[in-house]
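[1] Predicted model follows, preceded by the sequence.
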Amino acid sequence: MAESKTHSKSRQSGHGNRGQDTGPAVDQPREVASAPATITSTMGQAVRNAASTVGTHADDLTASAGSGLQNLAHTIRENAPHDGMLSEAAETVAGTLRQGGQYLEQEGLGGLMTDCAHLVRNNPLPALFLGIGLGYVIGRVLRS
């Protein structure tokens, strides 16, 4: 019987069962250690949700811009003269705006970015010169 009392005392003090949970004192450090992982996981999910929302809004804005271009094309067609060289120029501009608007509505921002990436890959030197020229123009505008 003395042996069972000793065994129960060692169990209560934690000496007899190493590696087993002995109560709240052991659980608390585990909870503290897992807190950064939980916070990181929560933050990652929040970032994914925000990126998804931004992507959706960007696609909506792109489609809206496409619709606006088509409306502008329609307005140009209605208000342009119907005879002469100015009529032909207005019709060309309106047609180009309409096509651009349809492209933006159908492809969205993702399609636009994919097409730009293909254009740069297929024409690297002109893309480089265009980038340098745009950088120069933006620098001049921001300087003044």
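    Perfect, I can see it now.

[2] I'd like the average pLDDT over the helix or strand hosting residue 40.
    Assigned by DSSP states H and E, residue 40 falls within helix 24-79. Rounded to a whole number, the mean pLDDT of helix 24-79 is 78.

[3] Quick one: name whatever helix or strand follows it.
    As assigned by DSSP H and E, the chain's next helix or strand after helix 24-79 is helix 85-122.

[4] Give me the helices and strands touching the helix holding residue 40, please.
    On a contact count with 3 or more Cβ pairs under 8 Å, 6 or more residues apart in numbering; DSSP states H and E, helix 24-79 meets helix 85-122. C-beta coordinates here come from the backbone N, C-alpha and C atoms, glycine included.

[5] I'd like the average pLDDT over the very next helix or strand once past the helix it packs on.
    As assigned by DSSP H and E, the chain's next helix or strand after helix 85-122 is helix 124-143. For helix 124-143, mean pLDDT is 94.

[6] And stretch 83-90, by the same measure?
    Computed over stretch 83-90, the average pLDDT equals 90.

[7] mind listing what's buried in that stretch?
    residue 90 (16 or more other Cβ atoms under 10 Å).

[8] Please tell me how far that stretch is from the chain's geometric centre.
    Stretch 83-90 sits 43 Å away from the centroid of its parent chain (Cα atoms, centre = their mean, to the nearest Å).

[9] Then stretch 57-67?
    On Cα atoms, centre = their mean, the centre of stretch 57-67 falls 15 Å from that of its chain.
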